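Asker: need a 3D model of the following:
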Amino acid sequence: PGAVKCEADQTFSFHNNSVANCVEDFDTVIAFLKNINPALKILLTVSPVPLIATYENQHVLVSNTISKSILRVSANEISKKYDFVEYFPSFEI
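Answerer: Here you go, the predicted structure:
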């Protein structure tokens, strides 16, 4: 919001998740989905598309690096934790 010639919508608040938050949220989603489909298999990836703006008081390149790093480490922890979760390296490619 607010990145491409539009006014920022003030109905939301900004928050960056930590690795622990991401892994905890994914654990919750996995438990829910495994109840629906016990044979579930998941393929994770991190988008190689960079952020174009940030609400933080720092350069977007710094925010992009932090965001991608948090997602990449989270994906690594999740794929090591569950044998039915794999990681595809689109970010690295």
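
Asker: tell me the contacts of residue 88?
Answerer: By Cβ atoms under 8 Å, 6 or more residues apart in numbering, the contact list for residue 88 reads 43-45. For every residue, glycine as well, the C-beta is placed using N, CA and C.

Asker: could you dump those to a markdown table with neighbour count and secondary structure?
Answerer: Below are those laid out as a markdown table (neighbours: other Cβ atoms under 10 Å; DSSP: H, G, I helix; E, B strand; the rest coil):
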| residue | neighbour count | secondary structure |
| --- | --- | --- |
| 43 | 9 | strand |
| 44 | 17 | strand |
| 45 | 16 | coil |
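
Asker: outside of stretch 74-81, which residues touch it?
Answerer: 19, 22-23, 26, 30, 44-46, 85-87.

Asker: closest one to residue 72 out of those residues, please.
Answerer: residue 46 (5.2 Å; Cβ to Cβ).

Asker: tell me who's in contact with the closest one.
Answerer: Residue 46 touches 68, 71-72, 75, 90-91, counting by Cβ under 8 Å, 6+ apart.

Asker: now do residue 43
Answerer: 85-88.

Asker: and if you look at residue 11?
Answerer: Residue 11 neighbours (Cβ under 8 Å, 6+ apart): none.

Asker: that one sits in which helix or strand?
Answerer: Under DSSP states H and E, no helix or strand contains residue 11.

Asker: what's the closest non-adjacent residue to the residue nearest the centre of the chain?
Answerer: In the chain, the centroid-proximal residue (Cα atoms, centre = their mean) is residue 71; its distance is 4.3 Å. The shortest distance from residue 71 to any non-neighbouring residue, by Cβ to Cβ, 6 or more residues apart in numbering, is to residue 46 (4.6 Å).
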